[in-house]
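> I need the structure of the sequence given here:
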Amino acid sequence: MRRFLLFVIVVAACVFGLYRWAEERPPVPAIPEQEKYTPAPGPGLAEKDVHILEAMDEEYTRLVEVVVPSVVSITATRRVEAPAVEDPFELFFNRRFRQPRRTEEMRSLGSGVIVSKEGHILTNQHVIADEDAISIRLANGQTATARVIGSDSITDIAVLKVAGLSVTPLPFGDSDQVKVGQRVIAVGNPFGFDETVTDGIISAKGRSMEDSVNDFFQTNAAINPGNSGGPLVDLRGEIIGINASIYAGSGSGSWQGLGFAIPSNTARRALEEIIKTGRVPHGYLGVTVPSPELAVQMGLPEVNGAYVAAVMPGSPAEKAGIRKGDVITAIGTHPVRSFNELRNQVAGLAAGSSVAVTLQRAGNAITVTAEIAEQPAAATVNTGG
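Just a heads-up that it's a prediction; the model follows:
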């Protein structure tokens, strides 16, 4: 009997242990229902419906493949004196100990475009101004030190040259034939991202900026810091502009949908003059023409032309008989409707050339002939006309 009771107790203990183990063990997860996944059977449009778009896509790709090898990234470096370090002994000894001069290396980034088989590179003057060393990098990874052939701060154009590299130049297009609305691409090195391609249209022509003789193209192709000096290219793969600046009204310094490029004809003229003589001569008439803002401050009348506020002594304008108070309405066959148009037209004329200047004087239209001189180094933008 005792053995039977012992057996019953052991069996009961085992059953109780198994019951507790089953309670404490995590429940076995249920097998989830299989997730249903049915992929799309194919494109939403048949190939015959999008063949034009696909052809355009292929053409864009070919265009980029042709243009990118001619665009370079530019790194300009300059050594500057570092700020003086505060002398810890001055407080205790009331004297300043001699400290060695320290210099720091400053770097700036930009872009450029190869325009000759000899290795000439076109870029902006502000990309390489006052720099001690300039290096370029091609799309294929080749690098080289660039030599400055010359630059011009008025047009903001500079010409570099590299040797010993296999280069592919990009041809120029005729910027006079560019139309508002035509498609363009911009290629450059924004924020150090090499070979960046953006596209858009020509948003406007003839945009003017303070202290510049250029009539800029405006484009909505994304242009950011580092794009300066890179090409604006048409659908034929021709340079129609050199990207130069952006509008950053918010103060962010980045793209706001407004980029500006120097027309290729202006850039090409500057390039050829720099290669020929190392500089870019600009025409000079010798009149002071106030900007629209200054004209308002001076209380001058609104005119459809460029109001002559002063004539420089001994200048081509004085010799031609132009007087204070005249309103210049045309240079040659080109109408002049503003201060900017006069400045830009005169700057593009060659020294020694003669040009007809149409005036309004006391309600009468007269024409005089002026012999254009080269702009003196001391002339300002307002007296360059």
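> give the contact list for E58.
Contact analysis of E58 by CB atoms under 8 Å, 6 or more residues apart in numbering lists nothing. Where C-beta positions appear, they are placed from N, C-alpha and C, glycine not excepted.
> so where does V187 fall, helix or strand?
Counting by DSSP states H and E, the element that carries V187 is strand 183-188.
> buried stuff in the helix or strand that that strand is followed by?
Using DSSP H and E, the next helix or strand after strand 183-188 towards the C-terminus is strand 196-207. By neighbour count on 16 or more other CB atoms under 10 Å, the buried set for strand 196-207 is 196-200, 202-203, 207.
> How far off centre is strand 196-207?
11 Å (CA atoms, centre = their mean, to the nearest Å).
> now for that strand, which elements pack on it?
Using 3 or more CB pairs under 8 Å, 6 or more residues apart in numbering; DSSP states H and E, the elements in contact with strand 196-207 are helix 51-67, strand 183-188, strand 216-219.
> Which one of those lies nearest to I134?
Proximity to I134 (CB to CB) singles out strand 183-188 among the helices and strands packed on strand 196-207, at 16.0 Å.
> how about I154, what does it touch?
I154 neighbours (CB under 8 Å, 6+ apart): 212-213, 280, 282, 347.
> So which of these are in strands?
Using DSSP state E, no member of the contacts of I154 sits in strands.
> Just give the nearest non-adjacent residue to G206, would you?
Closest residue to G206 apart from its sequence neighbours, by CB to CB, 6 or more residues apart in numbering: D215 at 4.7 Å.
> surely the one you found meets S208?
Yes: counting by CB atoms under 8 Å, D215 touches S208, with 6.3 Å between them.
> one step back: can you give me the buried ones in the strand holding V187?
Residues of strand 183-188 classed as buried: 184-188 (neighbour count, 16+ other CB under 10 Å).
> What of stretch 262-274?
Residues of stretch 262-274 classed as buried by neighbour count (16+ other CB under 10 Å): 262-268, 270-271, 273-274.
> And for it, what's in contact with it?
With contacts defined as CB under 8 Å, 6+ apart, stretch 262-274 is touched by 115, 120, 122, 149-152, 155-159, 172-176, 178, 214-217, 238-242, 244, 279-281, 348.
> as a whole number, average confidence for that stretch?
For stretch 262-274, mean pLDDT rounds to 94.
> cool, and stretch 129-147?
Mean pLDDT, computed over stretch 129-147, is 91.
> can you check stretch 68-87 too?
78.
> go on, stretch 305-318?
What stretch 305-318 shows for mean pLDDT is 91.
> which residues touch that stretch?
Contacts of stretch 305-318 with the rest of the structure, by CB under 8 Å, 6+ apart, involve 284-290, 295, 298, 300-301, 322-329, 336-339, 341-342, 360, 370-373, 383, 385.
> buried ones in it?
For stretch 305-318, burial by neighbour count (16+ other CB under 10 Å) applies to 305-312, 315-318.
> quick one: the one helix or strand H126 maps to to chain centroid distance?
Assessed by DSSP H and E, H126 sits inside helix 125-128. Offset of helix 125-128 from its chain centre (CA atoms, centre = their mean): 11 Å.
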